[in-house]
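J.: Output the structure for:
(2 chains)
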Number of protein chains: 2
Amino acid sequence: MASYLEQNQERFLSELIDWLRIPSVSADPKFHGDVLRAAEYLKTRFEEVGLQNVELCPTAGNPIVYGEKMIDPSLPTVLVYGHYDVQPADPYELWTSGPFEPVIKDGKIYARGACDDKGQVYMHVKALEVMNQEGGVPCNVKIMIEGEEEIGSNNLSIFVRNNKEKLKADVILISDTGMLANDQPSIEVGLRGLSYHEVEVTGPNRDLHSGLYGGAVANPINVLCKMIASLHDENNHITIPAFYDKVAVLSEEERAELNRVPHSDEEFKQSIGLPATYGEEGYTTVERIGIRPTLDVNGIWGGYTGEGAKTVIASKAYAKISMRLVPHQTSDEITEIFQKHFESIAPAGVTVVVKPHHGGEPVVTPTDSVAYKAAADAMETTFGKRPIPTRGGGSIPIVAMFKTELGLDTVLLGFGLDSDAIHSPNEHYGVFNFLKGIETIPHFYRNYAAAVQQ
Amino acid sequence: MASYLEQNQERFLSELIDWLRIPSVSADPKFHGDVLRAAEYLKTRFEEVGLQNVELCPTAGNPIVYGEKMIDPSLPTVLVYGHYDVQPADPYELWTSGPFEPVIKDGKIYARGACDDKGQVYMHVKALEVMNQEGGVPCNVKIMIEGEEEIGSNNLSIFVRNNKEKLKADVILISDTGMLANDQPSIEVGLRGLSYHEVEVTGPNRDLHSGLYGGAVANPINVLCKMIASLHDENNHITIPAFYDKVAVLSEEERAELNRVPHSDEEFKQSIGLPATYGEEGYTTVERIGIRPTLDVNGIWGGYTGEGAKTVIASKAYAKISMRLVPHQTSDEITEIFQKHFESIAPAGVTVVVKPHHGGEPVVTPTDSVAYKAAADAMETTFGKRPIPTRGGGSIPIVAMFKTELGLDTVLLGFGLDSDAIHSPNEHYGVFNFLKGIETIPHFYRNYAAAVQQ
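T.: Okay, here's the model as predicted:
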C-alpha cells in the first residue's frame, strides 16, 4: 500500500510551489510586502498541520513564524530552524523561467528559494503532517522560521536572547545545507563564518574626461583594482596582516580524514565549466572550501557600463567584498582587521569608505552526539547508505549564535546539492530530495526520542 | 551702434538651445531617431545661412551634414569639421537639470553637447550668418558635421576617402577643443590618440555560491582586478611590453617650453577636489596630460551590485579600458599589443576576451603655418591677448585621418574650458565663449584669405 507521503506528494509539491511564487527577497525593500505574505502563508500551513501557539513573532524587521507541538514535558524537545526569505534573483535575464514562476522540469523544482531555504523548510512542515498520520510525533517540537537569514539574522539574535524560556530545547535541527550526492548522503559538521563589506573609492569630485585629465589624476577604478589585487599574494594567500592569526591548524591526520570524502577535481571542474582549479597554494579543493578562510569580491561597479565607448574617469568606484571565516576566527575581529587594512592601503589622491554588512561566526558541530547519530541513522535508513560527515564552505551564522545564547548544538540535516545553483540564476531543488527529506525527518525524531529516553 | 552679433545674440542662443534639446546620443541605439532629427535640424540652419549644396550625406551609420559657400575658385578653401552627436548623459541623477532640457544659469548653457560639440559647431554656422551681413565670406567654405564622433568616426573615414574631390580644401578648421581660460586664450597643437577596449573575464559557467565554492575557483572579478592592477607598476608606468617603444621623447628644451603654460597644481587639485596629484613618476601634470600615454579603466562591472549583500561568485566580469596615445604610437599597433598582452596575463581557470572599440591617432599640428597664424591673430584681436600653443590630452582621431586622406593640416580653434564638464554630468558652455567664438571665427577667415592671397 502506498504510504501517506506517496499518496500526498503531488499536493505537498503544489503547496511548496504556491509558497515559492511569493518573492520574499529580504535584501530589497521593494519586496517587503511579499516577505510578509510569505510569512502569513507559512503560518497558515503551520496551523493546518496541527502546530500549537502558532504566531508571527514581531521583530524590528521581518516577523519570525513560530509554532510548537508539545507532547509531554518529560520527552526531549527538538527546535527546528529555517528561513523563508530568499536571495535577490537578479540577473533575471539568465533565468530560463521566471525566478518566481516555479516550474518542475526534469524532476527539479526551478525557483528562487526552491532549495535555499523554502523547499527545505517545507519538508519539516510536511514531515509533521506525515507523523501525525503515522503514529504521531514522538517528542516535543518547536519550529521557528525567520525572514532575515539572507541579510544577517540580526533580529533573530535579539529574539533568541529575549525568548530563552520559550525556545528551551535539547537540540537544534536545521535543513539549510547540502549533501554530496543523491547516492551518497552526508551531513555537514563544519561551517565557515562571514565578514561582508561594501567599499567605496572616491577620486575626483566629478566624472572627468579621460583625455583632458587622464594620466594626471587617480582613477578610482584603477585604484580599487590595485587595492583588491593586493589582498592576495602570488600563492593566493590573503595578505591582510593578522588575518590568519587565529585560524585553526588541522593535524595531518585531520586533513587526511577530511580528504577521504569522495571528491574528484575533474568532476568539480567539469560541473562548473572551469579548465583548472584555483586557490590557495598547498591545499586541496576540499580543504580550500572546508577549512581555509577566503576573500572574494561579490560585486564591483563604477564608470560607464552601457553600450559602446565612453571616455570617462569616474568619480567613484564600488565593490562588495566578503571573507569566509573558519574556526577560530571571529566575524567582529576580521571585520575590524579588514576595515583598517583596506583604508590603510588607499593611495594619496583617493578617499576610501568601508561599510561592513552582516557577519557570522564559523562553527564545528559534534559528530559524537546522540542527535548526530540519530540523523546519521535516519539517513542510512532512507538512503541505504551511511552519511559521511563533511566540512562545508557556506555560512549559517546562527549555528554559533544558538550555541552561545541557548547552549545548544545543531544537527545540519540538509538535502540540497552543490549543483542546485542556490544564490544563482536557475536555482532548483530535486523533487527526489524534497520527498527524501520528508521521508527522513520522521526517522530522525523517532531515533532521537528513543535514544534520549534510554 | 551694436554689431549684428550683439543684435542677434539672443536668437543665436535660442536656436542652439533648440538643437541641444534633441538627445543625439550616438552610442545608444535607442536614440537613433533623435540623432537623425538633430541632423535635419542642422541641415535647415545651413540652408538659412545661405550655404549651397546642402545635403545629408548618407553613410552606413548616421548621416553627415554637408554644405558649402563657393565664392571664387581662385580663393582658398577652408573645410570646417565638427560633430552633432553627443556622449551618453548617464548617470542622469547627477545632473542638476535635465541633460536635454537646456538652461542658462550663471552665464552658462547647461546641456549634454553644450560644449562638445554642438555649441562649438553652431558658432561656425552663426559666424557665416554674421559674415553674410558684414561684408561677405572672404574665401570658400565647406562645412561637414558628422554624427559618429563619439563612437569612433568610422563612417566619416570612408566618406572622406570616397569624396576627396568634393572635400578639396586648403586647411581644416575645427572647434572641438578648449583653451586655458577666458582671459588666456590658447590653441591646441597636440592631441593624444586613443585605443579603447572592452574586456570580458569568464570564470565558472554560472554564478556560484561564495560559501560552497569560495576559495576553490577563480573569481573573475578578483582576477580582472589583478590583471588591471598589473598594467601599471609602482611608478604608474604602464607595464605592457613594447607600449612605450614608439613614444616620442621630447628634448629638455621642448619640455621646458611645454611647462611654461600657466598651470598651478594647487588650482588643478582644487578644481576637481583631489588632495594630491597622481600619475607617472618623473613627469609634471602638464606633461602627464600632454605628452605621455595613459591607461584608464572607464567602466567596470560584475557580480551583485544591488542593495544589500549577496554572497555570489560571478561567472563573468567586464571592464572598458582605454589608452591615450602620443606621437608616434599608432592606434592599430597599440590595440594589437594590448589585446595580446591582456590575453596573455589571464591565469589558468579563466578565459578572457578583448573586444577593441574605435581608436584614433595622436597628432601634432604645425604652429608655423599660415592658418595657425591666422587663428592666433584672430584670437589676439578678440581677446586682446596672444594665444598660447598647448598640448591637449584629448583625442580628435579625425585630425590624423584628414592629414592622411586629404593631406591637410588642421587648426584647432576651440573655445571650451576644462571646467565645462564635457563627457560628465552638468556639461555646460559659457555664453561668453559661444559669443566670443562667433566673433573670432570671421577674423580667422579674413586673416587667412588675406595671407594666402599675398
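J.: Three-state assignment for residue A:299, please.
T.: When classified by DSSP: H, G, I helix; E, B strand; the rest coil, residue A:299 comes out as strand.
J.: my guess is it meets residue B:221, correct?
T.: Yes: under the criterion of Cβ atoms under 8 Å, residue A:299 is in contact with residue B:221, at a separation of 7.5 Å. All C-beta spots, glycine's among them, are computed from the backbone N, C-alpha and C.
J.: Who has more neighbours out of the two?
T.: Neighbours per residue (other Cβ atoms under 10 Å in any protein chain shown) separate residue A:299 from residue B:221, with residue B:221 holding more: 29 against 22.
J.: isn't residue A:244 right next to residue A:291, touching?
T.: No: Residue A:244 lies out of contact with residue A:291 (Cβ under 8 Å); the separation is 12.0 Å.
J.: what's the overlap in contacts for residue A:299 and residue B:221?
T.: Shared contacts of residue A:299 and residue B:221, defined by Cβ atoms under 8 Å, 6 or more residues apart in numbering or on different chains, comprise A:319, B:302-303, B:314.
J.: what's the distance between residue A:14 and chain B?
T.: Note on residue A:14: its distance to chain B, by Cβ to the nearest Cβ, to the nearest Å, is 27 Å.
J.: Sticking with that residue, tell me its helix or strand.
T.: Assigned by DSSP states H and E, residue A:14 belongs to helix A:4-20.
J.: Check residue A:375 and give its pLDDT.
T.: On pLDDT, residue A:375 comes in at 97.
J.: Just to check, residue A:272 is in contact with residue B:209?
T.: No: counting by Cβ under 8 Å, residue A:272 stays clear of residue B:209, with 11.1 Å between them.
J.: For the closest residue to chain B within the stretch 1-150 of chain A, grab phi and psi.
T.: Across the stretch 1-150 of chain A, no residue is closer to chain B than residue A:27, which sits at 3.3 Å (Cβ to the nearest Cβ). Dihedral angles phi and psi of residue A:27 (degrees, to the nearest 10) take the values phi -80, psi -20.
J.: tally of neighbours for it?
T.: 20.
J.: For it, give me its contacts.
T.: A:87-88, A:150-151, B:306-310.
J.: thinking again about what came up before, of the shared contacts of residue A:299 and residue B:221 - the most surrounded one?
T.: Counting by other Cβ under 10 Å, top hit in those: residue B:314 with 31 neighbours.
J.: How about it, nearest residue that isn't a chain neighbour?
T.: Nearest-residue entry for residue B:314: residue B:303, 3.8 Å, with adjacent residues in sequence omitted and distances by Cβ to Cβ, 6 or more residues apart in numbering or on different chains.
J.: The one you found bridge partners, please.
T.: Assessed by DSSP bridges, residue B:303 has beta-bridge partners residue A:299.
J.: on that earlier part again, so, if you compare the shared contacts of residue A:299 and residue B:221, which one comes nearest to residue A:261?
T.: residue B:314 (27.0 Å; Cβ to Cβ).
J.: you'd agree that closest one is up against residue B:207?
T.: Yes: under the criterion of Cβ under 8 Å, residue B:314 makes contact with residue B:207 at 5.7 Å.
J.: Mind listing the shared neighbours of these two?
T.: residue B:303.
J.: What parts of the stretch 101-250 of chain A come near chain B?
T.: A:150-152, A:178, A:192, A:194, A:196, A:198, A:203-219, A:221-222, A:224-226, A:228-230, A:232 (Cβ under 8 Å from any Cβ of the partner chain).
J.: on that earlier part again, which pLDDT value goes with the residue nearest to the residue of the stretch 1-150 of chain A closest to chain B when sequence neighbours are not counted?
T.: Spatial nearest neighbour of residue A:27, excluding adjacent residues (Cβ to Cβ, 6+ apart): residue B:308 at 3.3 Å. Note for residue B:308: predicted pLDDT of 79.
J.: Kindly report the same for residue A:393.
T.: 62.
J.: residues contacting residue A:379?
T.: A:185, A:187, A:385-387, A:413, A:440.
J.: Next, please give the residue ranges for the helices of chain A.
T.: Counting by DSSP state H, residue ranges of the helices within chain A are A:4-20, A:32-48, A:118-133, A:154-162, A:210-213, A:220-229, A:252-258, A:265-272, A:285-290, A:331-344, A:370-383, A:398-406, A:431-453.
J.: ok, which stretches of the stretch 101-250 of chain A are strands?
T.: Remark: strands assigned in the stretch 101-250 of chain A by DSSP state E, counting those that start in this stretch are A:103-105, A:108-110, A:140-146, A:171-174, A:186-191, A:193-202, A:208-209.
J.: Residue A:423 is in contact with residue B:310, isn't it?
T.: Yes: with contact defined as Cβ under 8 Å, residue A:423 and residue B:310 form a contacting pair (6.6 Å).
J.: What is the nearest of the contacts of residue A:27 to residue B:334?
T.: residue B:306 (36.2 Å).
J.: To what extent is that closest one buried, counted in neighbours?
T.: Per other Cβ under 10 Å, the neighbour tally for residue B:306 reads 14.
J.: same question, the one 3 residues further on
T.: Taking other Cβ under 10 Å as the neighbour definition, residue B:309 ends up with a count of 24.
J.: just checking, it touches residue A:322?
T.: Yes: using Cβ under 8 Å as the test, residue B:309 is close enough to residue A:322 to be in contact (7.3 Å).
J.: Please enumerate the shared neighbours of the two.
T.: Joint contacts of residue B:309 and residue A:322 (Cβ under 8 Å, 6+ apart) are A:196, A:298.
J.: can I see the domain layout of chain A?
T.: What automatic domain parsing lists as the domains of chain A is A:4-191+A:362-453, A:193-247+A:293-358.
J.: need those in a markdown table with distance to residue B:378, can you?
T.: Below are the domains of chain A laid out as a markdown table (distance: least, Cβ to Cβ, whole Å):
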| stretch | distance to residue B:378 |
| --- | --- |
| domain A:4-191+A:362-453 | 55 |
| domain A:193-247+A:293-358 | 24 |
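J.: And these: which comes nearest residue B:371?
T.: domain A:193-247+A:293-358 (23.2 Å).
J.: Return the distance of the closest one from the chain's centre.
T.: 24 Å (Cα atoms, centre = their mean, to the nearest Å).
J.: circling back: filter the contacts of residue A:27 down to the buried ones.
T.: Taking 16 or more other Cβ atoms under 10 Å in any protein chain shown as the criterion, what is buried in these is A:87-88, A:150-151, B:308-310.
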